[in-house]
Structures are given as C-alpha cells and as structure tokens.
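Asks: sequence and predicted model, in that order:
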Amino acid sequence: MNTNTSKTQWQYLEQRPHPWRKQLYIKGKRIKASVIYSDLIANNETPAEASENWDLPLAAITEVIEYCETNQELLKQEAEEGRRLLEAEGVKLEPQVVNR
C-alpha cells in the first residue's frame, strides 16, 4: 500500500494521530485530504474553484489532488473500514425502502 509518506515535503498536508486512519490532513485543520478531493470531484470543480470554496491556497488543492490520486487504495481501504465500523454500531447506511 502506498501511503506516500516517503514524500516528506508536503507543504500543506500532515499526519494526525488516529487509531487506524493513515491518510493526511490539511495542516492546522481537521479536514482529511480525501474530503476536499471528494468534494472537488462530486461538484465537478476546478482546482481554483475548490481553492476558493475551501479558502485554501491553490497550491494546497494541487497537493490534495496529487496525494489523493496517488493513494487511491489507502483511501478506499479507509472508507471501507469507516463503513464497517458504522455498520457494526448499527448505523444504517443504505436507504431503507418503505412499503406503503
């Protein structure tokens, strides 16, 4: 698994202590890189638009994109683990069909 921690010169990304998450966060904020990346993709934003929407430098958005695109497997594994933990707590993640 590539966690891209070998690149030590991230200017805007950092690790944060967490029991199982390994992905990087925006420095000084409690925002996972994948949250910004997913938002950018879901809203079909340009990096400049994401920069404005998140009030982050364009260089930070560029780093988020690079990091997330090179760590897709890690992000997928973490999303699956988060889902598994929520389901284990009884949280229903799929829409429920209501018969009328």
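Replies: Here it is on my side, so go on. Residues are numbered from 1 along each chain as shown.

Asks: can you pull the pLDDT of the residue nearest the centre of the chain?
Replies: What sits nearest the mean C-alpha location of the chain, by Cα atoms, centre = their mean, is Ser34, with 1.3 Å. The model reports Ser34 with a pLDDT of 96.

Asks: any figure for the gap between it and Gly90?
Replies: 25 Å (Cβ to Cβ, to the nearest Å). Quick note: C-beta positions are derived from backbone N, CA and C, even for glycine.

Asks: elements contacting the top helix by length along the chain?
Replies: When the chain is parsed with DSSP state H, its longest helix is helix 72-88. Helix 72-88 sits against helix 33-42, with contacts defined as 3 or more Cβ pairs under 8 Å, 6 or more residues apart in numbering; DSSP states H and E.

Asks: any idea how far the helix it packs on is from the chain center?
Replies: Relative to the mean C-alpha coordinate of its chain, helix 33-42 is positioned 6 Å out (Cα atoms, centre = their mean, to the nearest Å).

Asks: name the next helix or strand downstream of it, please.
Replies: As assigned by DSSP states H and E, the chain's next helix or strand after helix 33-42 is helix 47-54.

Asks: chain center to that following helix: distance?
Replies: 15 Å.

Asks: now that helix - C-alpha only, CSV.
Replies: Extracted in CSV, the C-alpha atoms of helix 47-54 (Å, rounded to 0.1, in the frame of the first residue of the first chain):
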residue,chain,number,x,y,z
PRO,A,47,-8.8,23.4,-8.5
ALA,A,48,-9.2,27.2,-8.5
GLU,A,49,-12.9,26.8,-7.6
ALA,A,50,-12.1,24.4,-4.8
SER,A,51,-9.4,26.7,-3.5
GLU,A,52,-12.0,29.5,-3.3
ASN,A,53,-14.7,27.3,-1.7
TRP,A,54,-12.4,25.8,0.9
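
Asks: name the residues of the helix or strand just after that helix that are buried.
Replies: Later in the chain than helix 47-54, the nearest helix or strand by DSSP H and E is helix 58-70. Using 16 or more other Cβ atoms under 10 Å as the test for burial, helix 58-70 gives 60-61, 63-68.
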